[in-house]
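> Show me the folded form of this:
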Amino acid sequence: MWHAMFIEQIPFAEKILRTVLVYALIAVLFRLTGKRGLSNMSTFDFVVIFLLSNVVQNAVIGNDTSLTGGVVGAVTLVAVNALVNRVVASNTTAARIFDGRPTTVIRDGHVVQRALVHLGLRRSELDHAVRIQNGDDVSEIKKGVLEPGGQLVLSLEPAEQSASKGDVAELRDQLSRIESLLGAAS
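I've put the predicted structure just below:
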């Protein structure tokens with residue numbers, strides 16, 4: 001029993017190559033399917049992920065059911081993922097290749113319908129994101145961009161933005177100067 005648990009049934013190099021190739025395939029598939037982040041995943045997206053892990057399991061482990069083979073596969077996956085994350089973080093070309101580019105979904109208060117269709121986003125998801133980010137309606141948004149990581153970044157129209165403490169302080173200073181001028185004139 002103990003012997004079979006630790007003896008590899010396929011060579012380490014093959015196990016590593018299988019894992020790297022499956023990782024690359026899954027990364028390409030997810031890159032081609034869009035920018036939705038985990039927070040924006042639907043039930044169907046989760047179903048696909050769960051089933052996908054089962055579908056590619058044999059491609060990663062092959063005929064190797066040993067504990068050692070599983071450990072090699074797991075370590076390879078984590079190492080490749082860490083390497084890819086570091087390369088993407090330090091290289092803009094790699095980031096563009098792996099993550100893609102931001103996509104404008106709202107322009108001057110109007111939804112860019114073509115972008116929503118391309119990204120597979122529903123209008124209700126966009127409206128929800130606007131409300132979460134303190135907007136009442138898409139018409140209040142100057143620009144809305146879906147970032148490669150799946151975050152929706154909104155810029156309110158200037159007239160819709162709240163006054164900051166700095167804005168209020170500046171108005172108070174101006175009011176004080178006006179009152180001083182009026183007081184000096186009388």
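
> Tell me the spacing between Val130 and Arg172.
Applying C-beta to C-beta, to the nearest Å, the value for Val130 to Arg172 is 32 Å. Just so you know, the C-beta spots here come from the backbone N, C-alpha and C atoms, and that holds for glycine as well.

> same thing with Leu156?
Counting by C-beta to C-beta, the separation of Leu156 from Arg172 is 23 Å.

> Tell me which of Val130 and Arg172 has more neighbours.
Using other C-beta atoms under 10 Å as the criterion, Val130 and Arg172 rank with Val130 on top: 21 against 10.

> which element follows the helix or strand where that one lies toward the C-terminus?
Element membership for Val130 (DSSP states H and E) is helix 123-132. Using DSSP H and E, the next helix or strand after helix 123-132 towards the C-terminus is strand 141-146.

> what angle sits between that following strand and helix 123-132?
120 degrees (axes from the mean of the first three to the mean of the last three C-alpha atoms, to 10 degrees).

> Averaged pLDDT, the helix or strand just after strand 141-146. What do you get?
Using DSSP H and E, the next helix or strand after strand 141-146 towards the C-terminus is strand 152-156. Strand 152-156 shows a mean pLDDT of 84.

> cool, stretch 55-62 as well?
Summarised as a single mean, pLDDT over stretch 55-62 is 83.

> Okay, domains of this protein per the record?
Listed by automatic domain parsing, the domain ranges of the chain are 2-99, 103-157.

> Would you mind finding the most buried of the ones you listed?
A comparison of the domains of the chain by mean neighbour count, using mean count of other C-beta atoms under 10 Å, puts domain 103-157 on top with a mean of 16.
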